[in-house]
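Colleague: Requesting a structural model of the entry that follows:
(2 chains)
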Amino acid sequence: MPHLEVLIEDRSGAQLLEGLLGPVITARPRPWTMALRPHRGIGRLPRDWRQKPAPLAAGLLDLLPAKLRVYERQAQKQPDFLLLIVLDADREPPEERLRELQSLITYSTRRLGSVIAIAVEEMEAWILGDREALLSAWPHADRSLLAAYEQDSICGTWELLARAILGRQAERLIQIGYPAVGTMKGEWAAAVAPYLRPERNRSPSFRRFYRLLLKRMEELEMSLSSP
Amino acid sequence: MLLGIRLENFQILERLELGLTREAWEKAAADGATPAQLRSLPHLQEITVLIGRNASGKSSVLRALGLFSALMRHDLPYAANAADPDGFTGLLRHGSREPLLMEVLLSLPDIAAPVCYRLVIRADSEGRPRLESEVLSLLAGGAGQNPGRTVLELTEDGAFLDLSGSGRRSLEPGDRKRALLPLVGRLTGEGLPRRLLAELSSWFSCRFLEELSTTTQMHQRQGAHHRLNEEATNIPNVIAWYERRNPAAWRRIRERIAAVHPAGRRLRENWLSGTLSAAEERFLALLLLLADPEPRRLLLMENPDNGLYHDSVTRLGDELRRYGLRHEHSQIVMSTHNPVLLENFAPQEVWVLSREAGDRALQAATLPLVADLYKEGIGMAAIWYGGHLEDFITAAPGEPDATS
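Modeller: Okay, here's the model as predicted:
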């Protein structure tokens, strides 16, 4: 059975992706399985991709070269295995991050099918990209703030979402700051996930990733059907 | 060494098999496995770490193992009351009409095939424990080896002993309030009952780690004690023993503890003046236990990292590992919720308990991708956090796992 293995930076991302990708999976002509693999933060790519991760390493990029080796071996045994890596770009231009990851993937894998998805700044941009879902989850959200948001801009995305959803309470939260407020992100993701519809999401970074994911899934399904 | 345990109707567990069971061994032997193949069936290791969600049965497993030891010293009612505040009623699965079953599979030095010891205990009309059956057997060694045989057996029809395989001697079953093994083990010479009695008597529950326990020096009396007791109320007596009987060993132990324990060099004064916190005192008791030059055969620890600062947790992990390496016949079975502690262990040492689709215990090394991730240098903490140890929980038995 084709399988989608998803690597994400943190648990709140996993919840969001579960909401976004769940319908994608069920809509496929063949049944797929999916597994979400959270990490504790993004970390950083080691300089030497061949070395083993540092003790207690937990960030997605810290572990990625080692995991790619494991998944490549898995793909040789199980060709219907597709890897999806989802990252926030944070303040970096997403193209740079993408380039580095693409060369790592080319270096480490041959059989493994993979998709890299980069959310501009952070994944909250993808929630903001689906206005209807947002308003279904939070009917009292501040529409004027939402209207002022420039999709996929680097502007303090999660802070904007916090203000739109929580109003004045958001300032306290913003003061405390991430990572302590990580649990809030998880709650938001869980609240909006049931309403998300990938086809109507307006975030360009999301649409790019979505198109590519569907393409890869189709390719994989076709390669399975062919003799 | 403990290879596996099987429990039925024990506390919340309906039926759990952890590690290697008699059934698995005998099936493989019947299928023609060689002794080498039998020895490589998944079994509990020198260090066994149980992980799993709350109420997944980890405590119950530790309690059951401790109970075997208690039954070598006490009768059933006493041992049951010591094991659970509700006595046997607290041990027997709530609402079960079936009896409680506890079975362990062990390998003893110089005995080729494993030893199986099983107790079945039923509640009488007053809810008190009554031994329905007790069986001690040597299992078959595999293709070309000795067939198995029963050495000691108690059933509803009576009891017998067959020490050397040359014939059964019938025994008095007694009032069925006591296991026969401790009696037979004491009265017979060299033989399996004596050896198993020595082994089980040496199993030690670190009761001082239990949630509400605070070790105190309340019961301090004069006198040197060779061994720490399960509540660790005799730390001063143990130290007195070392200072008198084995000062050289004590110097080494003190040095080691001072290097590892957060109270460090000022340990003795802090401890004498009673200024150690409960967590520090528990940690001290653990370190004393691990430093014992004549270690127990099995140490049972529930959440030994409880209340410890993160770098003490790392040190605890080191000490557990050094203990395992130093004493090849001594074993630790422990539970933890702490990823920092888990990082010190390998997938074959970790067993995941779950009750979501029946009571199950799976060795982490047998779960998809885990052994491979570990080989690439990804520690058990990240593997755990990434959800790989829960892949088998969502698949019902018989269904393919998420990544298969």
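Colleague: and B:Glu230, that's in a strand?
Modeller: No. B:Glu230 is assigned coil when assessed by DSSP: H, G, I helix; E, B strand; the rest coil, not a strand.
Colleague: which residues touch the residue in the stretch 1-150 of chain B positioned nearest to chain A?
Modeller: The minimum distance from the stretch 1-150 of chain B to chain A, using CB to the nearest CB, falls at B:Arg53 (16.0 Å). Yep, even glycine has a C-beta here, placed from its N, CA and C like the rest. B:Arg53 makes contacts with B:Ser354, as judged by CB atoms under 8 Å, 6 or more residues apart in numbering or on different chains.
Colleague: go with 10 Å
Modeller: B:337, B:352-356, B:390, B:393 (CB atoms under 10 Å, 6 or more residues apart in numbering or on different chains).
Colleague: same check, this time on A:Arg37
Modeller: A:5-8, A:14, A:60, A:63, A:67, A:83-85, B:369, B:382-383, B:385-388.
Colleague: sec struct for it, please.
Modeller: Classified using three-state DSSP, A:Arg37 is strand.
Colleague: Which residue comes closest to it once chain neighbours are left out?
Modeller: Excluding the flanking residues, the one nearest A:Arg37 by CB to CB, 6 or more residues apart in numbering or on different chains is B:Gly386, at 4.3 Å.
Colleague: isn't the one you found right next to B:Tyr374, touching?
Modeller: No. Counting by CB atoms under 10 Å, B:Gly386 stays clear of B:Tyr374, with 12.0 Å between them.
Colleague: just to revisit the earlier point, next up, the contacts around the residue nearest to A:Arg37.
Modeller: With contact set as CB under 10 Å, 6+ apart, B:Gly386 has these partners: A:7-8, A:14, A:35-40, A:58, A:60, A:63, A:67, B:369-370, B:373, B:378.
Colleague: same deal with B:Glu172?
Modeller: B:158-159, B:180, B:183.
Colleague: For it, give me phi and psi.
Modeller: Backbone geometry at B:Glu172, expressed as degrees, to the nearest 10, gives phi -80, psi 120.
Colleague: just the one 3 residues further on next, same as before
Modeller: The phi/psi pair for B:Asp175 (degrees, to the nearest 10) reads phi -90, psi 0.
Colleague: Kindly report the same for B:Ile257.
Modeller: According to degrees, to the nearest 10, B:Ile257 has phi -60, psi -40.
Colleague: ok, now which ones touch it?
Modeller: Neighbours of B:Ile257 in contact, by CB under 10 Å, 6+ apart: B:263-264, B:267-268, B:283-284, B:286-288, B:290-291, B:319.
Colleague: How about B:Gly4?
Modeller: B:17-25, B:41-44, B:48, B:103-106, B:114, B:116, B:361.
Colleague: Buried among the residues you listed? Need that as a selection in PyMOL.
Modeller: In PyMOL, a selection of the buried entries from those looks like this (16 or more other CB atoms under 10 Å in any protein chain shown):
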select buried, chain B and resi 17+18+19+20+21+22+24+25+41+42+43+44+48+103+104+105+106+114+116+361
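Colleague: For B:Leu316, what is the enclosing helix or strand?
Modeller: Counting by DSSP states H and E, the element that carries B:Leu316 is helix B:310-326.
Colleague: and that helix, C-alpha only, in CSV?
Modeller: What follows is helix B:310-326, C-alpha atoms only, in CSV (Å, rounded to 0.1, in the frame of the first residue of the first chain):
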residue,chain,number,x,y,z
HIS,B,310,18.1,16.8,34.0
ASP,B,311,21.8,16.2,34.4
SER,B,312,21.3,13.9,37.3
VAL,B,313,19.1,12.0,34.9
THR,B,314,22.0,11.6,32.5
ARG,B,315,24.2,10.4,35.3
LEU,B,316,21.6,8.0,36.4
GLY,B,317,21.6,6.6,32.8
ASP,B,318,25.4,6.2,33.0
GLU,B,319,25.3,4.4,36.3
LEU,B,320,22.6,2.0,35.1
ARG,B,321,24.7,1.2,32.1
ARG,B,322,27.9,0.7,34.1
TYR,B,323,26.0,-1.6,36.5
GLY,B,324,24.8,-3.7,33.5
LEU,B,325,28.3,-3.9,32.1
ARG,B,326,30.0,-4.8,35.4
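Colleague: I'd like to know which helix or strand in chain A has the lowest mean pLDDT.
Modeller: helix A:169-176 (a mean of 78; mean pLDDT, DSSP states H and E).
Colleague: mind listing the strands for chain A?
Modeller: For chain A, the strands defined by DSSP state E cover A:3-8, A:33-38, A:81-88, A:113-119.
Colleague: Could you do chain B as well?
Modeller: Ranges of strands within chain B are B:2-10, B:13-19, B:47-52, B:100-106, B:115-123, B:129-138, B:149-155, B:158-161, B:169-171, B:203-205, B:298-302, B:331-335, B:350-354, B:360-363, based on DSSP E.
Colleague: mind giving me JSON lines with those strands and columns for mean pLDDT?
Modeller: Formatted as JSON lines, the strands of chain B follow (pLDDT from 0 to 100):
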{"stretch": "strand B:2-10", "mean pLDDT": "98"}
{"stretch": "strand B:13-19", "mean pLDDT": "97"}
{"stretch": "strand B:47-52", "mean pLDDT": "95"}
{"stretch": "strand B:100-106", "mean pLDDT": "98"}
{"stretch": "strand B:115-123", "mean pLDDT": "97"}
{"stretch": "strand B:129-138", "mean pLDDT": "97"}
{"stretch": "strand B:149-155", "mean pLDDT": "96"}
{"stretch": "strand B:158-161", "mean pLDDT": "96"}
{"stretch": "strand B:169-171", "mean pLDDT": "94"}
{"stretch": "strand B:203-205", "mean pLDDT": "97"}
{"stretch": "strand B:298-302", "mean pLDDT": "97"}
{"stretch": "strand B:331-335", "mean pLDDT": "97"}
{"stretch": "strand B:350-354", "mean pLDDT": "96"}
{"stretch": "strand B:360-363", "mean pLDDT": "94"}
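Colleague: These into a markdown table, with extra columns for distance to B:Ser312?
Modeller: Below are the strands of chain B laid out as a markdown table (distance: least, CB to CB, whole Å):
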| stretch | distance to B:Ser312 |
| --- | --- |
| strand B:2-10 | 27 |
| strand B:13-19 | 28 |
| strand B:47-52 | 18 |
| strand B:100-106 | 32 |
| strand B:115-123 | 37 |
| strand B:129-138 | 40 |
| strand B:149-155 | 44 |
| strand B:158-161 | 49 |
| strand B:169-171 | 50 |
| strand B:203-205 | 22 |
| strand B:298-302 | 15 |
| strand B:331-335 | 16 |
| strand B:350-354 | 21 |
| strand B:360-363 | 28 |
